[in-house]
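>>> Fold the following.
(one chain, ligands or ions: 1)
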Amino acid sequence: MTNVAIIGASRGIGLELARQYAADGCRVYATMRTPDRPGALGALKGDVRLHHLDVTSDTHVARLADALSKVAIDILIHNAGVNPGHGKADPDTTAEVLRINAEAPIVTVSALLDSVAASDQKKVAVMSSVQGSGRPRAGSPDLYGDSKGELNKRFRDIEPQWRDRGVVAIALHPGYVQTDMTGAYAAITPAESVTGIRRVMAGLSAADAGYFLDYRGKEVAW
Ligand SMILES: NC(=O)c1ccc[n+]([C@@H]2O[C@H](COP(=O)([O-])OP(=O)(O)OC[C@H]3O[C@@H](n4cnc5c(N)ncnc54)[C@H](OP(=O)(O)O)[C@@H]3O)[C@@H](O)[C@H]2O)c1
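Got it, this is the predicted structure:
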């Protein structure tokens, strides 16, 4: 049995990750902010176990780590993210986007690392974006790109510690995907993105640790 944990699985790419991994026979631990209204995630077929998680809550993260402490997580994908759009953001929005996009993936993966290290596969992906390449930039009005650049920086700082535990962790660009974040005119469907992501995750070896890859397995510039 392969255990897969998807952080942020209510809709978009995260929902499709949960759907495809469950359809493939994996046991899926899927998190969402509204488990009282599970919607499409609750309707998935297969072994899908819902957990309540707002990634900005230290209490939620600690509770999830406790709930999964006896579970060996083969594949952990931190997918949750927000895009506030372009333009100058106020300080509260800036702090929230950095918390969700740059800080939470590192905090949440670190909290679950013992469960990953106890598994056979020991694979982690944090969902970044090509928009983080070459960022953050001084004076930039692109909070989303800057937040993903900040995630990349933090990932590169901490990843060697995860590698020391035998974990293969990558930063991942899912492609330009048709979701609520982008709209219907994006280049590929969630199904195409996730089919690629699953192939990339299946093919990861120790030599891939610390790389920034896209959903086709191509390296992305930091
Ligand atoms: N779509 C693209 O083309 C694209 C390209 C590059 C990178 N990405 C990245 O891929 C990831 C998924 O994007 P998407 O397109 O699927 O976006 P989406 O449809 O907007 O879905 C975002 C997901 O993140 C969750 N989320 C947001 N804030 C959260 C929080 N504080 N705690 C827990 N969950 C939270 C949402 O949950 P709720 O339903 O509760 O809001 C939702 O499940 C993001 O990290 C995004 O930056 C997407």
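>>> So the residue nearest to Glu103 when sequence neighbours are not counted versus Ala171, what's the distance?
When the adjacent residues along the chain are set aside, Glu103 lies closest to Arg154, with 7.4 Å between them (C-beta to C-beta, 6 or more residues apart in numbering). Backbone N, C-alpha and C define where each C-beta goes, glycine included. For Arg154, the distance to Ala171 under the criterion C-beta to C-beta, to the nearest Å works out to 10 Å.
>>> What segments of the chain are strands?
All strands of the chain, identified by DSSP state E, fall at 3-7, 27-32, 47-52, 75-78, 123-127, 168-173, 212-214.
>>> so which of these gets nearest the ligand?
strand 123-127 (3.9 Å; C-beta to the nearest ligand atom).
>>> Please see if that closest one touches the ligand.
Yes - between strand 123-127 and the ligand, judged by C-beta under 6 Å from any ligand atom, the touching residues are Met127.
>>> Send me that strand as PDB with only the CA atoms.
What follows is strand 123-127 as a C-alpha-only set of coordinates in PDB (Å, rounded to 0.1, in the frame of the first residue of the first chain):
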ATOM      1  CA  LYS A 123       9.300  11.600  -1.500                       C
ATOM      2  CA  VAL A 124       8.300  15.200  -1.000                       C
ATOM      3  CA  ALA A 125       7.200  17.900  -3.400                       C
ATOM      4  CA  VAL A 126       6.500  21.600  -2.600                       C
ATOM      5  CA  MET A 127       4.300  23.300  -5.200                       C
END
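>>> Need the mean per-residue confidence for it.
Strand 123-127 shows an average pLDDT of 99 in the prediction.
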